[in-house]
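A.B. asks: Let me see the structure of the following:
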Amino acid sequence: MTQHLDNELVKLRQQLFEMWSLVISQVETSREALVNYDKDAAAEIAFKERMVDTYELKIDRDCENFIALNTPVATDLRFALAALKINTDLERIGDFARGIAKFVKKCPSESLNPELIKVCQIDDLLKNAAEMLSDAKKALENENSRMAVSIFSHDDFIDEVYKKSTGIIANYIKKHPEELEEALNMHSIIRRIERMGDHCENIAEQIVFYIEAKVLKHSGKSKVK
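C.D. replies: Below you'll find the model as predicted:
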């Protein structure tokens, strides 16, 4: 029974990390698509989104079966419960990346004004989101709760830019009224990136739950002792 349980856990971890790597790629590709106005990259995101959805359904089903058929306890149960929630967060991050790709594909302009990309700090925002996601994956791979907790501070930059984005975009529209639609869409994109950061924080919370059996939700992101 123990060997069977271990084998099932290995399969779950492998599937989760495969999906994770795919979602990281989606976020990185969304940055390439937006910053370089690359419609081929945007099309790649849309194609791979179906793979992300397939992973989500399979991981959900396998986690539920693992719990129902093996009645795991302690660490094994916490991993399965954490994997269920991380799976959902990863799928949502993939959805936000696809939303960025849709904007690039449907953008009425021939290209995006580099000044708009720069003032909105899109390049830095998406780099930061991808780094948070990669760091979270490393934290789980290494079962390092401190690394997971450090992700919370990385989200501060994204939150700060999001808070200032309305004023920044309003000023940009005053200078470039002909780019009204693109500028408003850019605000929506910043919101998507901000939500990516939130989901990365959710993932970090689940990693701490799995490793330390501590619930950080609604706790003000308490430090792990």
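
A.B. asks: count of neighbours near the closest residue to K85 other than its chain neighbours?
C.D. replies: Sequence neighbours aside, Q206 is the residue nearest to K85 in space, at 5.1 Å (criterion: C-beta to C-beta, 6 or more residues apart in numbering). The C-beta positions use only the backbone N, C-alpha and C, and glycine is treated the same way. Using other C-beta atoms under 10 Å, Q206 is surrounded by 27 other residues.

A.B. asks: Which of the residues in the helix or strand encompassing Q206 are classified as buried?
C.D. replies: With secondary structure defined by DSSP states H and E, Q206 is part of helix 180-212. Buried residues in helix 180-212, counting neighbours by 16 or more other C-beta atoms under 10 Å, are found at 182-183, 185-187, 189-190, 192-212.

A.B. asks: Report pLDDT for the residue nearest to K85.
C.D. replies: As summarised for this prediction, Q206 has a pLDDT of 96.

A.B. asks: And for K223?
C.D. replies: On the pLDDT scale, K223 is placed at 43.

A.B. asks: And the next helix or strand past the helix or strand containing K118?
C.D. replies: Mapping K118 onto the secondary structure by DSSP H and E places it in helix 114-119. Tracing the chain C-terminally past helix 114-119 and defining elements by DSSP H and E, one meets helix 122-141 next.

A.B. asks: so who does the closest residue in space to D89 that isn't next to it in sequence touch?
C.D. replies: The spatial neighbour of D89 that comes closest, neighbours along the chain excluded (C-beta to C-beta, 6+ apart), is H199 at 4.2 Å. Applying C-beta atoms under 8 Å, 6 or more residues apart in numbering, one finds that H199 lies in contact with 89-90, 92-93.

A.B. asks: Kindly report the same for D155.
C.D. replies: Under the criterion of C-beta under 8 Å, 6+ apart, the contact partners of D155 comprise 132, 197-198, 200-201.

A.B. asks: okay, those in a markdown table with pLDDT and distance to Y37 next?
C.D. replies: What follows is those, written out as a markdown table (pLDDT from 0 to 100; distance: C-beta to C-beta, whole Å):
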| residue | pLDDT | distance to Y37 |
| --- | --- | --- |
| M132 | 96 | 25 |
| G197 | 96 | 24 |
| D198 | 96 | 27 |
| C200 | 97 | 26 |
| E201 | 95 | 30 |
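
A.B. asks: Same list as before, the residues you listed that is, but in CSV and with distance to T75 included.
C.D. replies: Below are these laid out as CSV (distance: C-beta to C-beta, whole Å):
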residue, distance to T75
M132, 25
G197, 28
D198, 27
C200, 23
E201, 22
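
A.B. asks: Need the max-distance pair from these.
C.D. replies: Using C-beta to C-beta, the contacts of D155 span at most 10.3 Å, a distance reached by M132 and D198.

A.B. asks: just to revisit the earlier point, does the residue nearest to K85 touch A82 like I think?
C.D. replies: Yes - applying C-beta atoms under 8 Å, one finds Q206 in contact with A82, separated by 4.1 Å.

A.B. asks: neighbours of the nearest residue to H187 once chain neighbours are set aside, just the number please.
C.D. replies: Once flanking residues are discounted, H187 sits nearest to I169: 5.0 Å by C-beta to C-beta, 6+ apart. When neighbours are defined as other C-beta under 10 Å, I169 has 20 of them.

A.B. asks: Distance check, I169 against I190.
C.D. replies: When distances are taken as C-beta to C-beta, to the nearest Å, I169 and I190 turn out to be 8 Å apart.

A.B. asks: Spit out the residues that contact the two alike.
C.D. replies: Shared between the contact lists of I169 and I190 (criterion: C-beta under 8 Å, 6+ apart) are residues C120.
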